[in-house]
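Enquirer: Let's see this in three dimensions:
(2 chains)
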Protein chains: 2
Amino acid sequence: MSAATLFPQHVIARKRDGHALGRDEIAAFVRGATDGSWTDYQLSAMLMAIFLRGMNAAETAHYTDAMMHSGVVADLARVKQPKSDKHSTGGVGDKVSLHLAPMVAACGIAVPMISGRGLGHTGGTLDKLEAIPGFRVDLPLDRYAGQIGKIGLCLIGQTAELAPADKKLYALRDVTATVECIPLICGSILAKKLAEGIDTLVLDVKFGRGAFMKDKAGAKALARALVSVATAMGKPTRAVLTAMHEPLGCAVGNALEVAESIDCLRGRGPADTMAVTFALGEQMLLLAKVAKTKAAARQRLEAVVTSGAALEKFRAMIAAQGGDARVIDDPSRLPRAKFQVPLPAPRAGFVRDVDAMGVALAALRLGAGRARAEDKIDPAVGASGLVKIGERVEKSVPLCVIHANDEKALAEAKAMLTRAIVIGSAKRTPPKLVDEIIG
Amino acid sequence: MSAATLFPQHVIARKRDGHALGRDEIAAFVRGATDGSWTDYQLSAMLMAIFLRGMNAAETAHYTDAMMHSGVVADLARVKQPKSDKHSTGGVGDKVSLHLAPMVAACGIAVPMISGRGLGHTGGTLDKLEAIPGFRVDLPLDRYAGQIGKIGLCLIGQTAELAPADKKLYALRDVTATVECIPLICGSILAKKLAEGIDTLVLDVKFGRGAFMKDKAGAKALARALVSVATAMGKPTRAVLTAMHEPLGCAVGNALEVAESIDCLRGRGPADTMAVTFALGEQMLLLAKVAKTKAAARQRLEAVVTSGAALEKFRAMIAAQGGDARVIDDPSRLPRAKFQVPLPAPRAGFVRDVDAMGVALAALRLGAGRARAEDKIDPAVGASGLVKIGERVEKSVPLCVIHANDEKALAEAKAMLTRAIVIGSAKRTPPKLVDEIIG
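Expert: Coordinates of the predicted model:
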């Protein structure tokens, strides 16, 4: 039976009854989302049926393939370097893409990176980049391909041409309680990533309070599904499981995170951020066969930081995308908030906890993120100089500096951060950050 | 938490995760369907979650109550007789409402009957009544109440004021593969029936090839759910399980079934049709306390047929609703098809099978029913004089008479009926018709 003759309600009924769908049935569903031949209510009934009945590996691969081909797949055939990208499932203070992409590009890998905006408690790479005055993330695909060929990296937002079925289905999932479903997440992430034109892919799958997946078992299952589907589709992929209990690094907020990424590129990034950066970068170099061993990959990544080559890649990208590259040497050119207020430690002791979700919600309250897709964000606000779990603090030293443009928001964020950062008497060893490599 | 503050996606997520919903959550869902505060895609995601996760007895009762109160509940306080209705889950040739309502009304029970139209293979009571020239089924609720007070019965269609949430959800269920779900069916049937203003209810729950529920276990589960929910809501209810393997009676098609119902009211209805009619009527009289024993109820029902009182009730109802009551004495005033063609028996033998679904699809092909809600039906067409399972036939005698207005449809229906009616050498005992009383 051709996909065109499949009635939506019959395909929905088959999944509802727990059958594995064939390639043609999945193609009809995804085409229905793209061309409107399935109504929104049929799509959402199907999404719920998939949520509750699941999809096996073959179905997930068909789904991902159909989603990827619902729009244009970027043609990077003229780029001769190995093409690799990194994707994170999202966390608090996760600015890794900003400095990892130029580091890897400086190692000779082309990085075609199509990113998303932040929604809810996690920040988005695009929002962070847009904190750089003039930086444009809305380049058309031909300019994107051209820039990758020329300087080895380009970071843009999802265009209307790329995986339009995902755009449609993602919006529906958000309002129909069908987000947390591994096959659907797989399809959504991989359709966009595979449409970028990559050869290999490295995933940062986070777990913990500040992550999308709260428990490690769920994150591991997602990582395994992502790796097996992408690999089956001819794109060698690995996933790094990383913990997201406290924020990554010491800065949360768009301009503040850009400044921290510049620190990373200057070799003075926070230890936790660099540990995740190197873990991901190593896998990118290994998969792209630019390095033979993990040690060699690490050496290479450290070398492009030390030499300044990675920083120059970042500078070239900012300039190529219309941004003010002077922010690299003079971070005071980044947007600055009206108030910079230290949060003093209420007592001496050890940092027992920095709750990533609490910090994220404080940043959201300050205006650093979006509660709804249509909200505008404030690039200047957030928290910097955050203490880390296990650190020794004296009474009254700052636990962080709050950056705010509004006194009421400042007061509320202060109360939220006071609850999020817990000081106690006993030292606590920070939880293991880079947990496991899958694939 | 008040229902107004419940976000649709949170309520959906709770059902998705298998929790029992509270009254306020169910009220928010049904209100969302009524006032549009839930989008269609949120409603359909919820319907699929309910389909796959189920609802317990308390949830089903809350749901039914919310559906019933989504619109007006007919006020029949001024009608002093006991008020009872009968509802059938639908079958082929099921014209029982047409003659049972006047029979029961003639026994002193008020019958407020709000019926549906046919869709798919089953016919609708409204469509049958509309085969009577001039008969109006679109009376407003005040005229409906007035007529019940005056003559003891009124058969109308669902108005926009009655259970509007059901109208909305039923339309969505039909196109999202969420029809065959007992709690949803319960809510849909009972919300409309309880909004009629009844005191007691008798259900004809059919099972078999020509029924909505194919197997008896499913029909029994549905019957039990209907009886327990309606009874818990203060409306004593019983269900009669009846078989629907071959068509009920000898006529299928709207005007043809009206003529057969008139035969029933004259005491010369087919045995199977009268068996179901008496079984249902007995329970109506018992529940309404108009008779004390089944035998007494049966006697009473037979008496109103013999005396002609039931036929006069039917006549009064036709006249009150604008119909041409002369059809009772002169059924040739009913619409007649251009062609009346006997289907000869291919051989002598016994009727081994009359497949209700095959007959229904032949009638549908002739124009007696609707494949889609917007289709117009032809009141004249169908099949009459259908043989019954177990009957002895000689070669060339008619197995039925096909009534058609179109030669192509006639030829196709003839082929379909030839396949549906099976003649063999061995006699077959017809399957048990009235199977069990639930409640």
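
Enquirer: which residues of the stretch 101-250 of chain A fall in strands?
Expert: A:111-115, A:153-157, A:200-207, A:237-243 (DSSP state E, counting those that start in this stretch).

Enquirer: Just put those in JSON lines and tack on distance to chain B, mean pLDDT and mean neighbour count.
Expert: For glycine as for every other residue, the C-beta is placed from the backbone atoms N, C-alpha and C. Output for these, formatted as JSON lines (distance: least, CB to the nearest CB, whole Å; pLDDT from 0 to 100; neighbours: other CB atoms under 10 Å in any protein chain shown):
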{"stretch": "strand A:111-115", "distance to chain B": "25", "mean pLDDT": "93", "mean neighbour count": "25"}
{"stretch": "strand A:153-157", "distance to chain B": "25", "mean pLDDT": "95", "mean neighbour count": "23"}
{"stretch": "strand A:200-207", "distance to chain B": "20", "mean pLDDT": "97", "mean neighbour count": "27"}
{"stretch": "strand A:237-243", "distance to chain B": "25", "mean pLDDT": "98", "mean neighbour count": "25"}
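
Enquirer: Around A:A255, how many other residues sit close by?
Expert: Other residues near A:A255 number 28, with proximity taken as other CB atoms under 10 Å in any protein chain shown.

Enquirer: ok, it - contacts?
Expert: A:A255 is in contact with A:A131, A:L334, A:P335, A:R336, A:P379, A:A380, A:G382, counting by CB atoms under 8 Å, 6 or more residues apart in numbering or on different chains.

Enquirer: Would it be right to say that it lies in a helix?
Expert: Yes: assignment of A:A255 by DSSP: H, G, I helix; E, B strand; the rest coil places it within a helix.

Enquirer: Give me the pLDDT for it.
Expert: A:A255 is assigned 98 on the pLDDT scale.

Enquirer: Kindly report the same for the one 10 residues further on.
Expert: With respect to pLDDT, A:L265 has a value of 98.

Enquirer: Tell me the spacing between the residue nearest to it when sequence neighbours are not counted and A:D204.
Expert: Excluding its sequence neighbours, the residue lying closest to A:L265 (CB to CB, 6 or more residues apart in numbering or on different chains) is A:L311, at 4.4 Å. Computed as CB to CB, to the nearest Å, the A:L311 to A:D204 distance reads 22 Å.

Enquirer: Next: A:K83.
Expert: Distance from A:K83 to A:D204, by CB to CB: 18 Å.

Enquirer: What of A:R31?
Expert: 32 Å.

Enquirer: Which strand residues bridge the most centrally placed residue in chain A?
Expert: Centroid-nearest residue in chain A: A:S88, 3.7 Å away (criterion: CA atoms, centre = their mean). Counting by DSSP bridges, A:S88 forms beta bridges with A:D204.

Enquirer: Can you name the residues that contact it?
Expert: A:D94, A:V96, A:S97, A:L203, A:D204, A:K206 are the contacts of A:S88 under CB under 8 Å, 6+ apart.

Enquirer: again, 10 Å this time
Expert: A:S88 is in contact with A:94-97, A:100, A:115, A:122, A:125, A:202-206, A:211-212, A:240, A:242, A:244, A:248, A:276, A:280, counting by CB atoms under 10 Å, 6 or more residues apart in numbering or on different chains.

Enquirer: so what pLDDT did it get?
Expert: 95.

Enquirer: what's the answer for the one 10 residues further on, then?
Expert: The score at A:L98 is 97. That number is its pLDDT.

Enquirer: which residue sits closest to it in space, ignoring its chain neighbours?
Expert: A:S261 (3.8 Å).

Enquirer: Check the one you found and give its pLDDT.
Expert: 98.

Enquirer: and what of A:G108?
Expert: At A:G108, pLDDT is 97.

Enquirer: cool, A:R370 as well?
Expert: Value for A:R370, per-residue pLDDT: 82.

Enquirer: and it, what does it touch?
Expert: A:R370 neighbours (CB under 10 Å, 6+ apart): A:R117, A:G118, A:L119, A:G120, A:H121, A:G123, A:G124, A:D127, A:L364, A:K376, A:I377.

Enquirer: For the residue nearest to A:E391 when sequence neighbours are not counted, give me its contacts.
Expert: Among residues not flanking A:E391 along the chain, A:V351 sits closest, at 4.6 Å (CB to CB, 6+ apart). Counting by CB under 10 Å, 6+ apart, A:V351 makes contact with A:246, A:345, A:386-393, A:399, A:421-424, A:427-428, A:430.

Enquirer: which SS state does A:V351 fall under?
Expert: Under three-state DSSP, A:V351 comes out as strand.

Enquirer: That one and A:A345: what is the separation?
Expert: 9 Å.

Enquirer: Same check on A:F278?
Expert: From A:F278 to A:A345 the distance is 31 Å (CB to CB).

Enquirer: how much space between A:K220 and B:R136?
Expert: In terms of CB to CB, A:K220 sits 66 Å off from B:R136.

Enquirer: More neighbours: which of the two?
Expert: Counting neighbours by other CB under 10 Å for A:K220 and for B:R136 shows that A:K220 has the greater number, 18 against 15.

Enquirer: Now the more buried one: closest residue in space, sequence neighbours ignored.
Expert: Closest to A:K220 by CB to CB, 6+ apart is A:L241, at 6.2 Å.

Enquirer: that older thread, do you know how far the residue nearest to A:E391 is from chain B?
Expert: 34 Å (CB to the nearest CB, to the nearest Å).

Enquirer: Then A:H10?
Expert: Counting by CB to the nearest CB - A:H10 and chain B are separated by 7 Å.

Enquirer: What about that residue, how many residues nearby?
Expert: A:H10: 13 neighbours (other CB under 10 Å).

Enquirer: where's it, which helix or strand?
Expert: helix A:8-16 (DSSP states H and E).

Enquirer: Sort out which residues of that helix are buried, please.
Expert: A:P8, A:Q9, A:V11, A:I12, A:A13, A:R14, A:K15, A:R16 (16 or more other CB atoms under 10 Å in any protein chain shown).

Enquirer: what does stretch A:140-151 give?
Expert: Those would be A:L141, A:Y144, A:A145, A:G146, A:Q147, A:I148, A:I151, for stretch A:140-151 by 16+ other CB under 10 Å.

Enquirer: can you check stretch A:87-95 too?
Expert: A:H87, A:S88, A:T89, A:G90, A:G91, A:V92, A:G93, A:D94, A:K95.

Enquirer: Stretch A:394-406 too?
Expert: A:P398, A:L399, A:C400, A:V401, A:I402, A:H403, A:A404, A:N405, A:D406.

Enquirer: re the thing from before, residues in contact with the residue nearest to A:K220?
Expert: Going by CB under 10 Å, 6+ apart, the list of residues near A:L241 reads A:203-207, A:213, A:216, A:219-220, A:222-223, A:279, A:432, A:434-438.
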